[in-house]
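K.L.:
The amino acid sequence is not available; the structure is as follows:
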């Protein structure tokens, strides 16, 4: 008969006869629990993942998924919850996890829609600019590559900021009366990623515009197009 260590709904079973790895996994679990209590979710996630690596207990995927969700890492949380369902015999939190997985899928799809909208808007702005002066399409290869990388990073950063703002103060747990027990903490990284994204987008546009003006006399043209699936480049180099 195993014993169960519980913490805020986390479950970590240990057999009566533990191995060296079980003992190490338990220690990692306890470190993760302490870090979670201090809202150090990055540290908690590292310990929970190491506890899983040592013990291979599917129940720990619930801990990993919950912590990743607090960090707004939707894809990681979704994957962990799916592993919890597939690796745990008769999971006790089946309905709860499935509901959270559905919410995560909705969040991921909303983020992708925002990214597509941002990409389409950037493409329209660029095409409007080059329509006024066809020579704007004459862009060096180095500027195309560098500008494309900056543009992609910028879109991702702005999208992350949008997700962070949308999910701030979201209620994560409610009591039987419907009162909120735990709210989604603001992630300082969302603002950082957003600022970096805006700077990257501005740098990408500036780089491309300046480079195109310097290469108007070149005979062969190169065009770049920012699409929802990435950056498409056409022309000759």
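P.N.:
Thanks, I have the structure now. Note that the coordinates shown come from a computational prediction; the quantities given were computed from them, not determined experimentally.
K.L.:
Would you mark the buried spots in stretch 34-52?
P.N.:
Buried residues in stretch 34-52, counted by 16 or more other CB atoms under 10 Å: 35-36, 41, 43-52. (C-beta placed from N, C-alpha, C; glycine too.)
K.L.:
repeat for stretch 77-95
P.N.:
Here stretch 77-95 shows 77, 78, 79, 80, 81, 82, 83, 84, 85, 88, 91, 93 as buried, counting by 16+ other CB under 10 Å.
K.L.:
Let me see the mean pLDDT of that stretch.
P.N.:
For stretch 77-95, the mean pLDDT works out to 93.
K.L.:
Run through who's touching that stretch.
P.N.:
With contact meaning CB atoms under 8 Å, 6 or more residues apart in numbering, stretch 77-95 is reached by 9, 11, 58-59, 61-62, 64-66, 68-69, 97-98, 100-101, 104-105, 108.
K.L.:
again, only using 6 Å
P.N.:
Stretch 77-95 has contacts (CB atoms under 6 Å, 6 or more residues apart in numbering) with 58, 59, 61, 62, 64, 65, 68, 69, 97, 101, 104.
K.L.:
Out of those, which sit inside strands?
P.N.:
Among these, none falls in strands (DSSP state E).
K.L.:
Any chance of these in a markdown table with neighbour count as columns?
P.N.:
Formatted as a markdown table, these follow (neighbours: other CB atoms under 10 Å):
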| residue | neighbour count |
| --- | --- |
| 58 | 16 |
| 59 | 20 |
| 61 | 24 |
| 62 | 26 |
| 64 | 24 |
| 65 | 25 |
| 68 | 24 |
| 69 | 23 |
| 97 | 21 |
| 101 | 19 |
| 104 | 22 |
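K.L.:
Need those residues in a markdown table (columns: distance to residue 123).
P.N.:
Output for those, formatted as a markdown table (distance: CB to CB, whole Å):
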| residue | distance to residue 123 |
| --- | --- |
| 58 | 44 |
| 59 | 46 |
| 61 | 39 |
| 62 | 41 |
| 64 | 38 |
| 65 | 36 |
| 68 | 32 |
| 69 | 33 |
| 97 | 39 |
| 101 | 33 |
| 104 | 29 |
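K.L.:
thinking again about what came up before, pick the one among the buried residues of stretch 77-95 closest to residue 120.
P.N.:
Closest approach to residue 120 among the buried residues of stretch 77-95 (CB to CB): residue 78, at 25.7 Å.
K.L.:
how far away is that closest one from residue 69?
P.N.:
9 Å (CB to CB, to the nearest Å).
K.L.:
and what of residue 55?
P.N.:
From residue 55 to residue 69 the distance is 21 Å (CB to CB).
K.L.:
Residue 145 too?
P.N.:
Residue 145 is 36 Å from residue 69, by CB to CB.
K.L.:
cool, residue 27 as well?
P.N.:
24 Å.
K.L.:
Tell me where the protein is predicted with low confidence.
P.N.:
Filtered on pLDDT under 70, the chain yields the residue ranges 1-19, 129-144, 146-147, 150-151, 153-194, 196-197, 200-201, 203-205, 207-237.
K.L.:
can you point me to the longest helix in it?
P.N.:
helix 94-132 (DSSP state H).
K.L.:
Show me which positions of stretch 98-110 end up buried.
P.N.:
Quick answer for stretch 98-110 (16+ other CB under 10 Å): 100, 101, 104, 107.
K.L.:
that older thread, any chance of the buried residues of stretch 34-52 in a markdown table, plus secondary structure and distance to residue 123?
P.N.:
Below are these laid out as a markdown table (DSSP: H, G, I helix; E, B strand; the rest coil; distance: CB to CB, whole Å):
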| residue | secondary structure | distance to residue 123 |
| --- | --- | --- |
| 35 | helix | 43 |
| 36 | helix | 42 |
| 41 | helix | 36 |
| 43 | helix | 40 |
| 44 | helix | 40 |
| 45 | helix | 36 |
| 46 | helix | 39 |
| 47 | helix | 43 |
| 48 | helix | 41 |
| 49 | helix | 39 |
| 50 | helix | 43 |
| 51 | helix | 46 |
| 52 | helix | 42 |
